[in-house]
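A.B. asks: Pasted the sequence and its predicted model underneath.
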Amino acid sequence: MASEIELLDVQAGYGRAAPVLRGLTVEVPAGTIVCLVGPNGAGKSTVLKVASGLLAPRSGTIRVGGVEVTGQGPQRMLASGVAHVLQGHSVFAEMTVAENVLLGAYTIKDKARVAARTEFVRDLFPVVAERWDTLAGLLSGGQQKQVEFARSLMVDPKVVLLDEPSMGLDPKATSTVFEQVVRMRDAGTAVLLVEQNARRALETADIGCVLDLGRVHISGPAADLLADPQLADLYLGGRPAEPRP
Ligand SMILES: Nc1ncnc2c1ncn2[C@@H]1O[C@H](COP(=O)(O)OP(=O)(O)OP(=O)(O)O)[C@@H](O)[C@H]1O
């Protein structure tokens with residue numbers, strides 16, 4: 001299966017400090033959700049920063065859709081097909097949902113294409129369509145996250161990078177947000193997901209990667225990782241795996 005994004009043997013870090021990523025390899029095949037889990041400070045967000053061009057790797061190779069893009073900055077990575085939904089909330093509260101979503105299309109000059117993408121995201125995220133003219137700041141945290149998802153899909157990316165989408169959300173809103181992540185995948189966008197809520201994320205993902213000491217320690221079908229008692233002990237709070245619904 002072709003990969004939408006590949007990070008191969010990547011070393012990366014901040015300033016003169018020791019590298020955070022030390023020979024990390026991860027790939028996101030088309031049509032899949034890949035989830036990175038691992039302890040605090042393992043480098044999960046750093047992987048996404050390298051993937052979106054916010055942080056240049058010190059060495060290694062990055063490919064998007066099979067084309068090498070190593071060292072490109074965020075704008076060129078976006079143009080190559082990589083969209084990044086950052087941790088926390090990034091909607092503009094004083095702007096409407098429509099204005100927030102359309103910001104995602106600021107690089108697209110073709111009006112017909114913008115109209116087609118607008119229809120696509122309004123269809124995919126019903127709450128976005130329902131609250132289109134509402135000030136984004138009046139929406140709940142989970143609804144705001146869906147506005148961010150919609151904004152990221154305006155450029156029709158090959159892969160979307162999601163950094164802790166459930167952060168600060170209650171369990172019901174978290175479930176809705178994860179359902180929307182699955183809808184994004186089913187609508188054709190591959191997803192690289194980073195989550196503190198490792199068990200919930202692995203229940204949603206197709207492939208799981210456990211990050212430790214700056215490398216992918218273990219990877220495989222997410223269901224297998226969930227069923228592994230040793231992994232559950234180390235990374236999933238020690239509870240036995242619950243069967244998938
Ligand atoms: N902007 C930065 N400048 C310097 N060091 C940083 C910066 N961002 C992250 N780091 C360091 O890089 C390491 C990995 O951080 P990162 O945020 O990637 O981990 P994480 O696995 O996403 O952690 P968490 O689960 O706590 O969000 C940490 O030691 C952190 O202190």
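C.D. replies: Looks like it arrived, so ask away.

A.B. asks: tell me the secondary structure for the residue lying closest to residue 60 once chain neighbours are set aside?
C.D. replies: Spatial nearest neighbour of residue 60, excluding adjacent residues (Cβ to Cβ, 6 or more residues apart in numbering): residue 10 at 3.4 Å. Glycine gets a C-beta too; all of them are placed from N, C-alpha and C. For residue 10, the secondary-structure state derived from DSSP: H, G, I helix; E, B strand; the rest coil is strand.

A.B. asks: Touching, residue 10 and residue 20? I think so.
C.D. replies: No: using Cβ atoms under 8 Å as the test, residue 10 is too far from residue 20 to be in contact (10.2 Å).

A.B. asks: What parts of the chain come near the ligand?
C.D. replies: For the chain, the residues in contact with the ligand (Cβ under 6 Å from any ligand atom) are 14, 20, 38, 40-46, 196.

A.B. asks: Which residue lies nearest the spatial centre of the chain?
C.D. replies: residue 162 (2.1 Å; Cα atoms, centre = their mean).

A.B. asks: And the pLDDT for that one?
C.D. replies: On pLDDT, residue 162 comes in at 97.

A.B. asks: Equivalent analysis for the one 4 residues further on, please.
C.D. replies: Residue 166 is assigned a pLDDT of 92 by the prediction.

A.B. asks: for it, what are its contacts?
C.D. replies: 173-174, 177-178, 195-197, 200-201 (Cβ atoms under 8 Å, 6 or more residues apart in numbering).

A.B. asks: hmm, try it at 7 Å
C.D. replies: By Cβ atoms under 7 Å, 6 or more residues apart in numbering, the residues touching residue 166 are 174, 177, 195, 197, 200.

A.B. asks: List the contacts of residue 159.
C.D. replies: Contacts of residue 159 by Cβ under 7 Å, 6+ apart are 4-5, 28, 81-82, 189-192.

A.B. asks: Mind doing that once more with 10 Å?
C.D. replies: Contacts for residue 159 (Cβ atoms under 10 Å, 6 or more residues apart in numbering) come out as 3-5, 28, 30, 32, 34, 51-52, 64-65, 80-84, 189-192.

A.B. asks: Just the buried ones out of those residues, please.
C.D. replies: 3-5, 28, 32, 34, 51-52, 64-65, 80-84, 189-192 (16 or more other Cβ atoms under 10 Å).

A.B. asks: can you map out the strands along the protein?
C.D. replies: Secondary structure of the chain, counting by DSSP state E: strands at 3-12, 21-29, 33-37, 59-64, 67-68, 82-85, 159-163, 190-194, 207-212, 215-221.

A.B. asks: got the buried residues for the one helix or strand in the chain whose mean pLDDT sits lowest?
C.D. replies: Among the helical and strand segments of the chain, the one scoring lowest on mean pLDDT, DSSP states H and E is helix 229-235, with a mean of 78. The neighbour-count check on helix 229-235 (16+ other Cβ under 10 Å) flags 231-232, 234-235 as buried.
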